[in-house]
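Fold the stuff below for me.
(one chain, ligands or ions: 3)
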Amino acid sequence: MTAELQEPTTHRGILDWVNEVAELTQPDRIHWCTGSDEEWQELTASLVGSGTFTQLDPAKKPNSFHAASDPIDVARVEDRTYICSVDEKDCGPTNNWMDPEEMKTLMRGLYAGCMKGRTMYVIPFVMGHLEAESPMFGIEITDSAYVTASMRVMSRMGSHVLRRMEELDAAYVPCLHSVGMPLEEGQADVAWPCNDTKYIVQFPEERAIWSFGSGYGGNALLGKKCYALRIASVMARDEGWLAEHMLILKLTSPEGVVKFVTAAFPSACGKTNLAMLEPTIPGWKVETLGDDIAWMRIGEDGRLWAVNPEFGFFGVAPGTNEHTNPNAMKTINKGNSVFTNVALTDDGDIWWEGLEGMPDHATSWKGEDWTPDSDQPSSHPNSRYCTPIKQCDILAPEYDDPRGVPIDAILFGGRRKTTVPLVFEARDWTHGTFLGATLSSETTAAATGQVGVVRRDPMAMLPFIGYHAGDYFNHWITMGKENDAAKLPKIFYVNWFRRDDEGGFLWPGFGENSRVLKWIVERIDGQAAAKETPIGHVPADGSLDVDGLDMTPEALEAALAVDAEEWKAELPQIQEWFEKFGDNLPAVLWTELDGLRTRLGA
Ligand SMILES: Nc1nc2c(ncn2[C@@H]2O[C@H](COP(=O)(O)OP(=O)(O)OP(=O)(O)O)[C@@H](O)[C@H]2O)c(=O)[nH]1
Ligand SMILES: O=C([O-])CC(=O)C(=O)O
Ligand SMILES: [Mn+2]
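Ligands and ions are numbered 1, 2, ... in the order given. Next comes the predicted model:
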C-alpha cells in the first residue's frame with residue numbers, strides 16, 4: 001500500500017468504519033474517491049472494459065455511456081425495503097420492519113466476503129450544499145463502479161467533501177452498499193452484477209443505511225431515496241423541518257413577479273416534466289431548482305425555504321422528447337451522462353419509446369435486436385438518464401444558494417383517470433395536509449410490482465417515509481400550527497392524467513401546465529376567481545387562461561369537473577386508509593374527512 005492509502009483520512013470515525021467494512025466484506029482493493037476528472041475517466045474506462053458501459057458516439061453524446069441492467073434489477077424494490085426502527089411501532093403500517101439487531105445479523109451474513117474480487121469504493125459526499133449551516137454528510141461504501149460513477153453525477157462528492165468532514169470532525173450517514181456478487185479466484189464478472197436476494201435497509205435511530213443485492217438507482221445510490229428522503233424525514237421530524245419527494249421551480253410572470261413552487265407527485269408522475277416546463281403562455285418563464293427532492297426549513301422570516309439536496313437528474317427516459325421536455329433533451333445532449341435500460345442505436349446513440357427519430361434497428365435494453373415491428377418495447381418503462389444538473393440551461397441561479405428559496409405554493413398531484421379535477425386549492429394548511437395525506441395515484445414502473453393500480457401515496461412519500469406515517473401527518477399538521485399560517489405556502493392539488501370516455505388524456509399537459517401554474521400564482525395574489533366545491537376551490541369559469549389552447553369547452557369542463565358521486569366513492573377508501581394509522585392519525589384529519597363527507601351530503 002502507498003503512504004497515501006495508509007492515511008487516506010484523518011477522520012478517525014470514517015477510517016475505523018471503512019476498515020471494519022473491509023474486514024467484513026473482503027474487497028481486493030480500496031479506492032478512496034477524489035471526484036476528479038481522471039477518476040471519472042478511469043471508472044468509465046473500467047466499466048467499458050467490464051461490458052457494463054458502452055460508450056456513445058462522442059459527436060452525438062460526448063462523454064456518455066449506455067448501460068443495461070440485469071432484467072431482475074430495473075426498479076425500486078418496495079417489498080425488500082425496511083425501516084428497522086428499534087421499536088416496531090415507530091415504523092408504522094406503511095413500511096416493512098425487522099428488529100435492527102436481527103437484520104444486522106442477517107445482513108452481516110450476506111456481507112461476509114461479498115466484495116471478494118472487487119474494488120471497494122469509498123465515496124465522501126454531501127447532500128445539499130457544502131457551505132450549508134450544517135452540511136449533510138454521507139459516506140457511501142460500494143463495490144459497484146456503476147454506482148460510484150452515478151453518485152458523481154447525482155451528488156457533490158470527492159476529496160473536497162472529505163477534507164471538510166475532517167475539519168469539522170463531522171457526523172455523517174454511513175451508507176453501505178454491495179451488489180452482492182463476490183468473485184472467486186478466476187471467476188469472470190458479468191456486465192451487471194447483482195443478487196436475487198435484495199435488502200434496502202434504513203436504521204432510523206442510528207441514521208445508517210445498509211443496501212444489498214441491487215445496482216439500480218433508488219436502491220443503490222444511497223444519497224438519494226435512502227438518505228435524502230427516508231433518513232432525512234426522520235431528522236426533519238426531530239428538528240422541525242420537511243424532507244419531501246418534491247420538485248422545486250421558479251416561475252416568473254410577464255410583469256417580472258417571481259414565485260417559487262414545489263410539487264409532490266409519485267414516482268414517474270411528472271415531477272421532472274413540470275420542473276423543466278416550457279410555458280406555452282406568452283411572457284411566462286420557468287426555471288428549475290430540482291426535480292425529485294426538496295428539503296424545506298422555516299427561515300428567520302417565517303417562510304418555508306427549500307433546497308434541492310441533489311446534484312443531478314435521474315429522470316425517466318421513455319416519453320421524454322423535444323415536445324414533452326425540451327430542456328431535459330438539451331441537458332442530456334450536452335453529454336456527461338449515463339443511460340440505463342434504454343435502446344442502443346446502431347450509430348452509437350440511444351433511443352427510447354416516445355423519442356423523436358425512431359431508428360429502423362436498435363439493440364434493446366435486453367440486448368436483443370429491435371425494430372419498429374418488434375412486439376416488445378426497446379427500452380424498459382423505468383429506463384433512466386443520469387445527467388448533471390449544472391448542464392440544465394434553465395437552472396435557476398438560486399440553486400447555488402445554500403439558503404434555498406422561499407416557497408409560495410405546494411402542489412400535490414397523482415395519476416388518476418377519474419374523479420380528481422385538473423386543479424383545486426386547499427382551504428388552509430390543515431386541509432392541504434388532508435389532501436396530501438389522502439393523495440392517490442396509479443402505480444408506475446418506478447417500483448417493481450403491478451402497474452396502474454390506484455393506491456394511496458401520501459404526499460407522494462409512501463415508499464419514502466422513514467417512520468410511522470401517522471406521525472408524519474402529525475408533523476405536517478404541527479408545522480402548520482407552530483408557524484405563521486399567513487407566511488406558509490398555499491396548498492393545491494393537480495391531476496394532469498384525467499381521461500375522456502375514449503381513454504385519451506382530457507388535458508394536453510406538459511407545456512400547457514403553465515396555465516395551471518398561472519392560475520395558482522394568481523390565486524396566491526388574490527387575482528384569479530375560484531368556485532367553492534365540497535373538495536376545495538376550483539377555477540371559476542373563465543379564470544383559467546385558455547387563450548390559444550386547442551381544447552373543446554366540453555373537454556375543459558370535464559377536466560375541471562367535481563363529481564359528487566365520484567367523490568362519495570372515495571370516502572370509504574379514505575376511511576379505511578385512515579383506520580390503518582390508529583391513534584397515530586391526527587384527530588384533525590378525521591375532522592377534515594367528516595367535513596368532506598358533510599359537504600358532499602353523504
Ligand atoms: N399526460 C401527461 N403525462 C405527463 C405529464 N407530465 C409528465 N407526464 C408523464 O409522466 C411520466 C414521467 O414522469 P417524470 O416527470 O419523469 O417523473 P417524476 O415524477 O420525475 O418521477 P421519479 O423520477 O420517478 O420520481 C411520463 O410517463 C410522462 O409522459 C403531463 O402533463 N401530462
Ligand atoms: O428512486 C429512483 O430510482 C427514482 C425515483 O426518483 C423514484 O423512484 O421516485
Ligand atoms: Mn422520485
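
Which of the three states applies to the closest residue to residue 539 other than its chain neighbours?
Closest residue to residue 539 apart from its sequence neighbours, by Cβ to Cβ, 6 or more residues apart in numbering: residue 519 at 5.5 Å. (Each C-beta comes from the backbone N, C-alpha and C, glycine too.) The three-state assignment at residue 519 reads helix, by DSSP: H, G, I helix; E, B strand; the rest coil.

Over to residue 339?
strand.

Report how many residues lie close to it.
Neighbours of residue 339 under the rule other Cβ atoms under 10 Å: 29.

beta partners for the residue nearest to it when sequence neighbours are not counted?
Distances taken as Cβ to Cβ, 6+ apart put residue 350 closest to residue 339, at 4.8 Å, once the chain neighbours are dropped. Under DSSP bridges, the beta-bridge partners of residue 350 are residue 344.

Check the residue of the stretch 1-150 of the chain at minimum distance from ligand 3 and give its pLDDT.
Using Cβ to the ion, the single residue of the stretch 1-150 of the chain nearest to ligand 3 is residue 76, 8.8 Å away. As predicted, residue 76 sits at a pLDDT of 98.

bridging residues for it?
Judged by DSSP bridges, the bridge partners of residue 76 are residue 447.

List the residues that contact it.
200, 216-219, 225, 267, 446-448, 463 (Cβ atoms under 8 Å, 6 or more residues apart in numbering).

Those residues also near ligand 3: which ones?
residue 267 (Cβ under 5 Å from the ion).

Need the residue closest to the centroid of the chain.
residue 292 (3.8 Å; Cα atoms, centre = their mean).

What count of nearby residues applies to whichever residue of the stretch 451-600 of the chain sits closest to ligand 1?
Residue nearest to ligand 1 within the stretch 451-600 of the chain (Cβ to the nearest ligand atom): residue 509, separated by 2.5 Å. A count of neighbours around residue 509, defined by other Cβ under 10 Å, yields 17.

Also residue 503?
Residue 503: 7 neighbours (other Cβ under 10 Å).

How about residue 395?
Counted with other Cβ under 10 Å, residue 395 comes out at 21.

tell me which parts of the protein are close to ligand 3?
Residues of the chain lying near ligand 3 (Cβ under 5 Å from the ion): 267, 292.

quick one: low-confidence ranges for the chain?
Filtered on pLDDT under 70, the chain yields the residue ranges 1-7.

Which residues of it lie near ligand 1?
265, 267-273, 291-292, 315-316, 319, 324, 446, 496-497, 505, 509-510, 513 (Cβ under 6 Å from any ligand atom).

These, buried ones only, as a PyMOL selection?
Here is the PyMOL command that selects only those of the residues of the chain next to ligand 1 that count as buried (16 or more other Cβ atoms under 10 Å):
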select buried, resi 265+267+268+269+270+271+272+273+291+292+315+316+319+324+446+496+497+509+510+513
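
Over to residue 98. Which of the three states is it?
Going by three-state DSSP: residue 98 is coil.

that's a strand at residue 472, yeah?
No. Looking at residue 472 with three-state DSSP, it is helix, so not inside a strand.
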